[in-house]
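Asker: okay, structure incoming, though there's no sequence with it:
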């Protein structure tokens, strides 16, 4: 009997009963908890803390008191498929934190349409589904499967893991969705700011009556779509893996993005597409029939099957403008399945687009490309097809309104006597459409040998100038000559601001073959060029020791004065 008693006692001690499903728990307006035996307690009628898991076969907790905190302390509020887990009918400033809520028809439901007070704050919870009709709410640090916001105005959703966010008619204020891990966002007639999130699914915003989305600095694996009369989006500086679609009278400003999947505009949509990197798509940009208007400029459109695709019977060409784009290594730069063409340049001197398969020259300038001098624009037009022509194709990829470069650097000779001079000629060009003043520094190896200020080079214009490098004080040896044009304000492409010409050997005056000695071989070389000037068949600039553009007696005297000298 003693053994049986011990076994019975131990059985009772280790028989842990699960929390039984209960009815609804109320936090009353006066601060009391109903029923008072519920697994929740408060010492100040402000903070209400779980003391165990709570299970309910109806509504879980109904909150009738404003300005309180519900702290789940890591416990779970478990439903059975019915009712609301945490129900907030017409209360404000309620915080729910550190709580696991699951198993209800809706796990958190708040309904407060008229007040401008904060309705609900959720911090550090694990929740399946949240549905709010409210003025304002805050979500931070939660794991939430689904959020549905209806007629909400001011909502901040920051730093959460969320599978899906749905917006219904949240167009009276602003919903901010920032720095979350998101499955996707969709919205109907809502104003939303979606910024710095990692989004694995799609973002879709549509509706009427001036709803708007500001989508910026996100990593988006899915697609982005915007549509609806008077609806629009700013899509700025995102990484987009599955492209953008604008449709049904929607409008979008698409700027500064890295885009795979392309951009499609259709169904009376209006677009501005600028400063994007659009790569490795079937169509980089697709313009379909009845697209209303669009500006397409300053994009890098590269390595697509088709750079820009024009499809359909009617595209209003007078509402389109395509210029300052870089079309690089697309299989087909443009595909045109519609009769009219688009304007493919911005006139002169602004110019058109850069085409990687353009093989024209730049020897002329001016509106008619018939004036002497380079301007960074091809001398002949780029023919796209019989209906489309770029009248002013760019010779280098477009890099902004401020862009200077060095196009040539030449030296008069490859061998110069120590203490004598070599002429160095430079050609600079202003590719931009603003006059520029800038400095140019010349180097022999790493030593600065000259610096000039180039004053007021007008837009789309080039300038040539020459100076003489005096080699006095430079040791014998080879010197690599290069020039550097200091960037102007606002310049971003500086790759062509540096140009290296080649090597000049500084040696003994009269050493015309750079072998370190002045001997008979040098005398023979000078004799062969005797009497010559630039342009003559026998002209040898290295034999023009004193750099006066004629090989004469004065050069022979210099050579004979150093005859027999060696560098060692």
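Answerer: Yep, it's here. A quick note: this is a predicted structure, and the numbers were derived from the prediction, not measured.

Asker: please count neighbours and contacts with C-alpha atoms only from this point.
Answerer: Fine.

Asker: partner strands of the helix or strand containing residue 246, with direction?
Answerer: Assigned by DSSP states H and E, residue 246 belongs to strand 244-247. Sheet pairing for strand 244-247, assigned by DSSP bridges, gives strand 224-227 (parallel), strand 263-265 (parallel).

Asker: got CSV for those strands, with mean pLDDT, mean neighbour count and distance to residue 566 too?
Answerer: Below are the strands paired with strand 244-247 laid out as CSV (pLDDT from 0 to 100; neighbours: other C-alpha atoms under 10 Å; distance: least, C-alpha to C-alpha, whole Å):
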stretch, mean pLDDT, mean neighbour count, distance to residue 566
strand 224-227, 91, 25, 75
strand 263-265, 91, 25, 70
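
Asker: to residue 39, which of these lies closest?
Answerer: strand 224-227 (45.4 Å; C-alpha to C-alpha).

Asker: what's the burial count for residue 550?
Answerer: Residue 550 sits with 21 neighbouring residues when counted by other C-alpha atoms under 10 Å.

Asker: sorry, that was for residue 389
Answerer: 18.

Asker: repeat for residue 453
Answerer: By the measure other C-alpha under 10 Å, the count of residues near residue 453 is 12.

Asker: got the contact list for the closest residue in space to it that isn't next to it in sequence?
Answerer: Closest residue in space to residue 453, ignoring its immediate chain neighbours: residue 439 at 4.3 Å, by C-alpha to C-alpha, 6 or more residues apart in numbering. Residues near residue 439 by C-alpha atoms under 8 Å, 6 or more residues apart in numbering: 451-454, 485-486.

Asker: so which of those residues wins on neighbours?
Answerer: Neighbour max across the contacts of residue 439 (other C-alpha under 10 Å) = residue 485, 23 neighbours.

Asker: list the buried residues of the helix or strand hosting residue 322.
Answerer: Residue 322 is part of strand 320-323, with elements assigned from DSSP H and E. Across strand 320-323, burial judged by 16 or more other C-alpha atoms under 10 Å covers 320-323.

Asker: was I right about residue 79 contacting residue 61?
Answerer: No. Between residue 79 and residue 61 there is no contact, the gap being 10.6 Å when judged by C-alpha atoms under 8 Å.

Asker: averaged pLDDT, the helix or strand the residue nearest to residue 453 falls within. What do you get?
Answerer: Per DSSP H and E, residue 439 falls inside strand 436-444. The pLDDT scores in strand 436-444 average 96.

Asker: tell me the secondary structure for residue 542?
Answerer: helix (DSSP: H, G, I helix; E, B strand; the rest coil).

Asker: residue numbering should commence at 26 henceforth.
Answerer: That works, and once the first residue is 26, the last one we named lands at residue 567.

Asker: how close does it sit to residue 590?
Answerer: The gap separating residue 567 from residue 590 is 18 Å, by C-alpha to C-alpha, to the nearest Å.

Asker: those two: who's more crowded?
Answerer: residue 567 (23 against 15).

Asker: residues touching the more buried one, list them.
Answerer: 438-441, 537.

Asker: if we use 10 Å, what do you get?
Answerer: Residue 567 is in contact with 437-442, 447, 535-538, 550-551, 554, 576, counting by C-alpha atoms under 10 Å, 6 or more residues apart in numbering.

Asker: thought residue 532 was touching residue 591?
Answerer: Yes. With contact defined as C-alpha atoms under 10 Å, residue 532 counts as touching residue 591 (9.5 Å).
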